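the following comprises the amino acid sequence and a computationally predicted model.
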Amino acid sequence: MHKSYNKDLRKLTFSEAIREGIDQSMADDPNLIVIGEGVPDPKSIFMTTSGLIEKYGDKRVFDMPLSENGMTGVCIGAALNGTHVLMIHQRIDFAMLAMDQIINNAAKWHYMFNGQSSVPIVIRVIVGRGWGQGPQHSQNLQAIFAHIPGLKVVTPATAKDAKGMMIAALKDKNPVIFIEHRWLHHIEDAVPEEMYPSDLDKAQIIRSGSDVTIVANSLMTIETMKAAKVLSEVGIDVEIVDLRSIKPIDLDTIIKSVSKTKNLIVVDSAWKTGGISGEIISLVIESSFDLLDKAPLRITSPDHFVPTSHYQADGYYQDAKQIAEQVLDFFDQQDGIDIINKKFKIDGPVDVPNREFHGPF
Amino acid sequence: MTSQYQQLLLEAETELFNIYSQLLRIRRIEEAIAEKYSEWQMRCPVHLSIGQEAIPVGISMYLSKADHVYSNHRSHGHYFAKGGSLKKMIAELYGKETGCCGGRGGSMHLIDLDVGFMGSTPIVGGTVPLAVGDAWSAVLKDEKRVSVIYFGDGCFEEGVMHEAMNFATLHKLPVIFVCENNGYSVYTQLNERQSSRKIIDIAKAHGIQTYNADGNDVIGVIEVAYNAIERARNGHGPQFFEFKTYRWLEHCGPDDDDHLNYRPQGELSTWKDRCPIEKLKNHIVGKDVNYAEKFQLIEIEIETEISEAFEFAINSKSPTKDQIDQYIYA
């Protein structure tokens, strides 16, 4: 934990912020329990649950049998009896085993029983990338969840949001899918010490600009920030909308930004077909077709899986450089490419989030 | 003055009539649904429990309102045995606002939280882990009660069934697993779906205390239920029943479907000879007293209640379209 002398400037990493959000929520709500494969183990879900079992005991902090679907049902049953549950999967890919319980029960229990009971459960799922995560440990499956009515789906990008949205999610009466990108875990941000809830349904304009609105979420927000900084040097002024929530999508904030810039690009870490990126473009075109100066653009992963070998995988995932290149293309402004290439000159491996990163992966 | 012995006999007799009345009530409700189904006013799938009435009635003898029940697509018997409202259930089948889900569920989604009937749904296995989680939460919150889950032999083929049994045993949860083995999943026989090992042996291998009994003999069900539910209440962990029973009508719908020949010839009539209601009636009349009037009275009471319930349903308001997007979020 980082020492802080000025409370307002205290910095925490994304994973420390999540840990603090869970810790404060557990202290605040004696009815909240935490469960997941590895929650109390020595690596404690990338250290995001460390110390919880020591503090709250084995009646509130649980390891879990490898029964993702059954255990999701167990957690839903507990939630229906008024126990608030935080369930954690170290990989979003594992949650696919639980789609029956998530879709058929958690999402619609409140609806199908006419509002008589509800399912206060938060399912934390972590998205992997790089270091050979390969076809089954690196999927960006956010759109699958966002498709389902009755779920709330959030994708925070900053440590401050991660803590606040975790606190809000754990207070919510509905099932919330809390999607966090593993490559955000080490990134620091100023995080208030007190317990604060953040909106679960609002996007935020996190960079003001005049030429183009780029809507992004999770890690792609961070990569877009880096791209925007360099693009400003070639005369492209980017405004960034950090989605924060992909269910619901805060269209008002997006439209507000597009009204100003008249251009729209959506960056998403997932595949292109059937993704959030296409959804956002559809929403904007349906409601405000006349706002746009030119056809919008999706920047996504290609529509195929990623292999394990870094020889093949490098370049598959979208990063700041690729985003910047595609924005140049969008404006047909190829004379900036030298600056982009120079600024993003890579002198090390691209399959880890930074050079100090040594796992766990 | 009656002797203490006579008093006991009298109480036992009252109890037997109470049980009989519950069995008959479920049967008559199901028959009434079947009869009126062709009127096209109950426009939802129905999975009737005729032939299988004894199991929930026997199990529910030792449940209170505080105990929770989860169930499946064939849930009418479970709902009524736990005390679920008849009027709200019939109104639900009619798709009315006064239905137990305001018309959102129909026959396959029953709920009556006032009596601890937590919900039934038709994805096979879907509610099994919910009941286990319900029991887990009860333990964490120090609520002294049990959770009951009803499922069929087909459910035993689902992964969540085994995942749920594992967790229930691991945490010694007060769960009562009730397997109603009627031998068929829709038209497919058990031996085409499961190997010849016994269902109950798999449950036993999970470390669960197991029981089996004739699911058409309500007295036999009550006998095993008492012991098992007491054990669950007293912290001895999950208990598992396998009751052999038989569905008389088609899997889904109001009709007899024996002409489809998916059941061996004569099987249905053999099971009809083992009718749980007739079996109990014979047990009662075997006492050498003329109870005809009493049986008649029970019939009349049930008939009156059922016609009132249908009248209530038919006369209830329909839900309006503007409510369709309510309750997406709590």
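Great, that's in hand.

list the contacts of stretch A:16-25.
A:1-2, A:12, A:32, A:34, A:47-52, A:55, A:86, A:124, A:159-160, A:162-167, A:170-171, A:180, A:189, A:191, A:195 (Cβ atoms under 8 Å, 6 or more residues apart in numbering or on different chains). To be clear about C-beta, it is placed using only N, CA and C from the backbone, and glycine gets the same treatment.

what mean pLDDT does it have?
When pLDDT is averaged along stretch A:16-25, the result is 98.

now do the contacts for the residue nearest the centre of chain A.
Closest to where the C-alpha atoms of chain A average out (Cα atoms, centre = their mean) is A:Thr155, at 2.7 Å. For A:Thr155, the contact set (Cβ under 8 Å, 6+ apart) comprises A:142, A:179-181, A:217-218, A:243-246.

which one of these is nearest to chain B?
Among these, A:Ser245 lies closest to chain B (Cβ to the nearest Cβ), at 12.8 Å.

quick check, the closest one in contact with A:Ser198.
No: using Cβ atoms under 8 Å, A:Ser245 makes no contact with A:Ser198, being 10.0 Å away.

give me the neighbour count for A:Lys256.
A:Lys256 has 15 neighbouring residues, counting by other Cβ atoms under 10 Å in any protein chain shown.

what's the pLDDT at B:Lys287?
For B:Lys287, the model assigns a pLDDT of 61.

hmm, I typed the wrong one, I wanted B:Tyr291.
87.

show me where pLDDT drops low in the chain?
Reading this off chain A. Residues of chain A meeting the criterion pLDDT under 70: A:1-8, A:355-356, A:359-361.

could you do chain B instead?
Across chain B, the ranges flagged by pLDDT under 70 are B:1-2, B:287-288.

tell me where it has strands.
All strands of chain B, identified by DSSP state E, fall at B:68-71, B:117-120, B:147-152, B:175-181, B:184-185, B:188-189, B:209-214, B:239-244.

so how far is the fifth one off the chain centroid?
So that's strand B:184-185. 17 Å (Cα atoms, centre = their mean, to the nearest Å).

how about A:Gly275, phi and psi?
Per-residue torsions, A:Gly275: phi -90, psi 180 (degrees, to the nearest 10).

which secondary structure state does the residue lying closest to it once chain neighbours are set aside sit in?
Distances taken as Cβ to Cβ, 6 or more residues apart in numbering or on different chains place A:Ala143 nearest to A:Gly275, at 4.8 Å, with adjacent residues excluded. The local conformation at A:Ala143, judged by DSSP: H, G, I helix; E, B strand; the rest coil, is helix.

which residues touch A:Ala143?
A:246, A:270, A:274-276, A:279 are the contacts of A:Ala143 under Cβ under 8 Å, 6+ apart.

can you show me the helices along the stretch 1-150 of chain A?
A:14-28, A:44-47, A:52-56, A:68-80, A:99, A:109-112, A:134-137, A:142-146 (DSSP state H, counting those that start in this stretch).

deepest of those helices, which one?
helix A:68-80 (a mean of 29; mean count of other Cβ atoms under 10 Å in any protein chain shown).

which strands and helices sit next to that helix?
Other elements packing on helix A:68-80 under the criterion 3 or more Cβ pairs under 8 Å, 6 or more residues apart in numbering or on different chains; DSSP states H and E are strand A:32-36, strand A:84-89, strand A:121-127, helix B:128-140, helix B:159-170.

would you mind listing what in the stretch 101-250 of chain A touches chain B?
With Cβ under 8 Å from any Cβ of the partner chain as the criterion, the stretch 101-250 of chain A meets chain B at residues A:101, A:104-105, A:109-118, A:120, A:149-150, A:152, A:173-174.

same thing but 7 Å
By the rule Cβ under 7 Å from any Cβ of the partner chain, the part of the stretch 101-250 of chain A lying against chain B is A:104-105, A:110-118, A:149-150, A:173-174.

among the contacts of A:Ala143, which one sits closest to chain B?
Using Cβ to the nearest Cβ, those come closest to chain B at A:Ile246, 15.4 Å.

can you tell me the closest non-neighbouring residue to A:Gly164?
That would be A:Ser198: by Cβ to Cβ, 6+ apart, it lies 2.8 Å from A:Gly164.

what helix or strand is the one you found on?
Secondary structure assignment for A:Ser198, by DSSP states H and E: no helix or strand.

taking the residues of the stretch 101-250 of chain A next to chain B, please make a ChimeraX selection of just the buried ones.
Buried members of these, defined by 16 or more other Cβ atoms under 10 Å in any protein chain shown, are picked up in ChimeraX with:
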select /A:104,105,110,111,112,113,114,115,116,117,118,150,174
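
out of the residues of the stretch 101-250 of chain A next to chain B, which two sit at the greatest distance?
A:Asn104 and A:Lys173 (19.1 Å; Cβ to Cβ).

if anything else comes up later, I'll come back, but that's it for now.
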